[in-house]
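In: How does the following fold in three dimensions:
(3 chains)
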Amino acid sequence: MPEGHTVHRIALQVGADLVGPPLAVSSPQGRFAAGAARLDGQRMLEVHAVGKQLFCTFESGDVLRVHLGLYGAWDFYGRITPIVDGQAAVGSMGAPRLRRVLRMGEDEREAPADEGGLLAHFPPDPVGQVRVRLASAESVADLRGPSACEVLDPQEVQAVVDRLGPDPASTEDLEAAGAVVVDRITTRGVAVGQLLMDQSVVAGIGNIYRAELLFRARLDPRTPGRAVPGDVVRALWRDWATLLADGIRDGAILTREDLDAEGRAAALADTALRHWVYGRAGLPCRVCGTPVVVEDMAARKLYFCPHCQR
DNA sequence: CGTTGATGTCCAC
DNA sequence: TGGACCTCAACGC
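Out: From the prediction side, this is the model:
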């Protein structure tokens, strides 16, 4: 579920509803009891995402670092402020609603407000294994299934960030960041398909964005980094910035630029229509009709069109 | 109702 | 390189 766009959306949601007031921080599951006790009662001053990492800074200077791993998720309850223009902008007229979001899958699930009677009472009882609950008087965020959840000091945060490549959604100077990515790709003998997944090369790309970026560039994922022209890497970086911004806006990975408004709406409603090649092994390439290939690359599934991507 | 696999990363061998 | 982590939807029977 979580490629970079998801984590940036979570940062926006946490920022909208949990930054500011004193928070009750707990670990209903118990596995984060010590960390929760350290944060309990503090205000969150700031939250931001870098790549797939989420950082929440508290007034003591403690920073909560969360990585969702393969199947982590946040559930929000209570006041949930709309975060994105269009459907509903931060600070727009859109009224906050009682609902639940960000539950598994590429899609954000908005469950009926009364599902399972969860919202009959507020705050709702934790469901299942909740590693951390952040609760204000009006909003609750529950974290489940993360691969990382820990309290760091600012120096430790900096060390984590320093190990990450650029993230276009947390970088002011896109061109300078692009130069870093060009250097980190064009000097390596490793396949470009592997390098795009390497968070120390460029941050936030996961298996779907990897496959789709390479298709959009018509680039063979197996090409060694040093065999990819610098301007092609530069274009990949700019395309990543575009796709990431779209993903943060849409709450979904929709990479097809061939769709009209109606087609986009259909694709947002149906994962099977969203991608050029990801998840389409054996199905005809949407451009040339050649069956899409899937093969293993560094223990992950790699999808590509053997005709278009040469 | 049991099995499988997934948008990720780390660690031991 | 393979397993562990830890969760749940999708699928098969």
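In: Run through the helices of chain A in chain order.
Out: A:4-17, A:33-39, A:154-162, A:174-186, A:192-195, A:207-216, A:230-250, A:261-269 (DSSP state H).
In: Any idea which of the ones you listed gets closest to residue A:69?
Out: With distances scored as C-beta to C-beta, the stretch of the helices of chain A nearest to residue A:69 is helix A:4-17 (11.4 Å). (C-beta placed from N, C-alpha, C; glycine too.)
In: Distance from the closest one to the middle of the chain?
Out: Averaging C-alpha coordinates over helix A:4-17 and over its chain gives two centres that are 9 Å apart (C-alpha atoms, centre = their mean, to the nearest Å).
In: Quickly check: that helix near DNA strand B or not.
Out: Yes: using C-beta under 7 Å from any atom of the strand, helix A:4-17 comes into contact with DNA strand B via residue A:6.
In: Also compute the angle for that helix relative to helix A:207-216, please.
Out: What separates the directions of helix A:4-17 and helix A:207-216 is an angle of 130 degrees, with axes from the mean of the first three to the mean of the last three C-alpha atoms, to 10 degrees.
In: What number of neighbouring residues does the residue nearest to residue A:292 when sequence neighbours are not counted come out with?
Out: Nearest-residue entry for residue A:292: residue A:280, 4.4 Å, with adjacent residues in sequence omitted and distances by C-beta to C-beta, 6 or more residues apart in numbering. Neighbours of residue A:280 under the rule other C-beta atoms under 10 Å: 21.
In: ok, back up a step: take the helices of chain A and write them to a markdown table, including mean pLDDT.
Out: Formatted as a markdown table, the helices of chain A follow (pLDDT from 0 to 100):
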| stretch | mean pLDDT |
| --- | --- |
| helix A:4-17 | 93 |
| helix A:33-39 | 95 |
| helix A:154-162 | 95 |
| helix A:174-186 | 98 |
| helix A:192-195 | 96 |
| helix A:207-216 | 97 |
| helix A:230-250 | 96 |
| helix A:261-269 | 92 |
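In: Kindly reformat those helices as TSV containing distance to DNA strand C.
Out: Formatted as TSV, the entries for those read as follows, by distance: least, C-beta to the nearest atom of the strand, whole Å:
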stretch	distance to DNA strand C
helix A:4-17	15
helix A:33-39	14
helix A:154-162	18
helix A:174-186	20
helix A:192-195	11
helix A:207-216	13
helix A:230-250	19
helix A:261-269	13
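In: Out of these, which gets nearest to residue A:168?
Out: Across the helices of chain A, closest to residue A:168 is helix A:230-250 (C-beta to C-beta), at 3.6 Å.
In: Check whether that closest one comes near DNA strand B.
Out: No: using C-beta under 7 Å from any atom of the strand, helix A:230-250 stays clear of DNA strand B, coming no nearer than 9.0 Å.
In: For DNA strand C, what's its nearest residue on the stretch 151-300 of chain A.
Out: Of the stretch 151-300 of chain A, the residue with the smallest distance to DNA strand C, taken as C-beta to the nearest atom of the strand, is residue A:299 at 5.7 Å.
In: Just give me the neighbour total for the closest residue to residue A:145 other than its chain neighbours.
Out: In space, not counting the residues next to it along the chain, residue A:145 is nearest to residue A:72; the distance is 4.3 Å by C-beta to C-beta, 6+ apart. The local packing count at residue A:72 equals 24, with neighbours defined by other C-beta under 10 Å.
In: cool, and residue A:108?
Out: Residues lying near residue A:108 (other C-beta under 10 Å) number 20.
In: One more: residue A:121?
Out: A count of nearby residues for residue A:121, using other C-beta under 10 Å, gives 8.
In: likewise residue A:196?
Out: Per other C-beta under 10 Å, the neighbour tally for residue A:196 reads 26.
In: Was I right to think it contacts residue A:215?
Out: No: counting by C-beta atoms under 8 Å, residue A:196 sits too far from residue A:215 to count as a contact (12.0 Å).
In: Show me what the residue nearest to residue A:19 when sequence neighbours are not counted is bridged to.
Out: Of all residues beyond its chain neighbours, the one nearest residue A:19 is residue A:44 (4.9 Å), with distances taken as C-beta to C-beta, 6+ apart. With DSSP bridges as the criterion, residue A:44 is bridged to residue A:19, residue A:58.
In: thinking residue A:44 is in contact with residue A:136, fair?
Out: No: contact status for residue A:44 versus residue A:136: not in contact, 9.3 Å apart, counting by C-beta under 8 Å.
In: Which neighbours do the two have in common?
Out: Contact criterion C-beta atoms under 8 Å, 6 or more residues apart in numbering; residues bridging residue A:44 and residue A:136 by contacting each: A:18, A:20, A:23.
In: In contact with the second one, which residues?
Out: If I follow you right, that is residue A:20. Listed by C-beta under 8 Å, 6+ apart, the contact set of residue A:20 reads A:43, A:44, A:136.
In: domains for chain A, by residue range?
Out: If the domains of chain A are taken from automatic domain parsing, they occupy A:4-160, A:166-304, with pieces of a single domain joined by a plus sign.
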